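J.: need a structure here:
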Amino acid sequence: MEEFKLIEFQQTRDFSRKINTTFEFLRQNFKALMKSILYIAGPPVLVGSLLLGSFIGDFFSLLQGAQTGSNPELAADYFLSVSFWLQLSLMILLLFISYIITIATINSYIILYQEKQTNKLEVSEVWNKTRQLFWPYLGTTVLFFLAFLVVYIVLLIPVFILGDMSSLLLVFIGFPVLICGVIYLMISASLTYFVQAYEKKNFFDSIARSFRLVNNGKWWSTFGLLFILQMIVGTVSYIFLIPYYIIVFTTSLHSAQSGAPFELSETMGLIILVCFTLYYMAQMLLYSLPHLGVAFQYFNLVELKEARGLMSQIETLGKPDAGPRPEENF
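T.: Here you go, the predicted structure:
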């Protein structure tokens, strides 16, 4: 059996070491962390992804009916029906809840790992911590959404003013500036969830703390770290959608060649349902990568600015050694 070596959080790391340590932490804690995510966040993700798959299947059925022209009022009746809006609302709600629970579970596991200094964490321990974070994270997510709308509108106003006063060239310049502004704010606020959990701050103090840490000359480092980890998540999870794209492409190609209307069999519809279910389940599990990266970046920035880990080592000088300190594993 491989000897457990505690990964120290409170230390500075360069870009490559943050990436390596993120994967090392995931490898070391894969079983316990994935088990916690599946047990705690799995049920809402599973139901939400099944509803999404069913929603897409219904859309293809409507598309098929529109091409055949058999019932032109079918689409209007469906989009105005109570069942459609109920299914859509329930799907969005479950995926929204699963997003919050997933973040809370991952951050809870990281904090418990540091507190207990072990990777033998039980699901019940992580669940108790996750329950404490759920409501604060729910409020944070809602406030993030409202803040995003306000910022987006504020940044969009100059673009429309340029459209009225200047040429289209300035408008095309304005939209990239708008997107860059949104990205800048998102990266600056990327530590908010972890700060809120680890330092037990409210939303406004957490986002202010995140801005101060990230914008202390480390914005590009944070952007690069999250960009790479998100690219990995997106690339790996999209593998599960390859059968879906193959089915849609081959079916559309066959319909175009034969002149027959686009038709999706029940078997193909079931495959699409399974593909989207696996896709969101994979995303949920892989989402631990960027959040682990955020945690290591948080401790890296705190150590650079405040040297908490160094001060803690200085305070222990001259005190009796409690035992051999675990080596870092990178």
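J.: low-confidence ranges in the stretch 1-150 of the chain?
T.: Applying pLDDT under 70 to the stretch 1-150 of the chain flags the ranges 1-2, 57, 60-78.
J.: now Phe96: which helix or strand?
T.: Element membership for Phe96 (DSSP states H and E) is helix 82-116.
J.: what of Leu51?
T.: helix 15-68.
J.: which residue ranges of this structure form helices?
T.: Residue ranges of the helices in the chain, as given by DSSP state H, are 15-68, 74-79, 82-116, 123-165, 168-188, 192-198, 203-214, 219-238, 242-258, 266-286, 288-306, 308-315.
J.: which one of the ones you listed is the most hemmed in?
T.: Among the helices of the chain, ranked by average contacts under mean count of other C-beta atoms under 10 Å, first place goes to helix 192-198 (a mean of 23). C-betas here are computed from N, CA, C, even on glycine.
J.: quick check, central residue of the chain?
T.: Tyr287 (5.2 Å; C-alpha atoms, centre = their mean).
J.: and that residue, backbone torsions?
T.: Dihedral pair for Tyr287: phi -60, psi -10, per degrees, to the nearest 10.
J.: apart from its neighbours in sequence, what residue is nearest it?
T.: Thr102 (5.7 Å; C-beta to C-beta, 6 or more residues apart in numbering).
J.: the one you found contacts Ile37, correct?
T.: Yes. If you go by C-beta atoms under 8 Å, Thr102 and Ile37 touch, sitting 6.4 Å apart.
J.: intersection of neighbour lists for the two?
T.: Residues touching both Thr102 and Ile37 (C-beta atoms under 8 Å, 6 or more residues apart in numbering) are Met284.
J.: and the gap between the residue nearest to Tyr287 and Thr251?
T.: Relative to Thr251, Thr102 is positioned 33 Å away (C-beta to C-beta, to the nearest Å).
J.: and for Asp14?
T.: Distance of Asp14 to Thr251, computed by C-beta to C-beta: 49 Å.
J.: who's in contact with the residue nearest to Leu138 when sequence neighbours are not counted?
T.: Excluding the flanking residues, the one nearest Leu138 by C-beta to C-beta, 6+ apart is Ile100, at 5.6 Å. By C-beta under 8 Å, 6+ apart, the residues touching Ile100 are 134, 137-138, 141.
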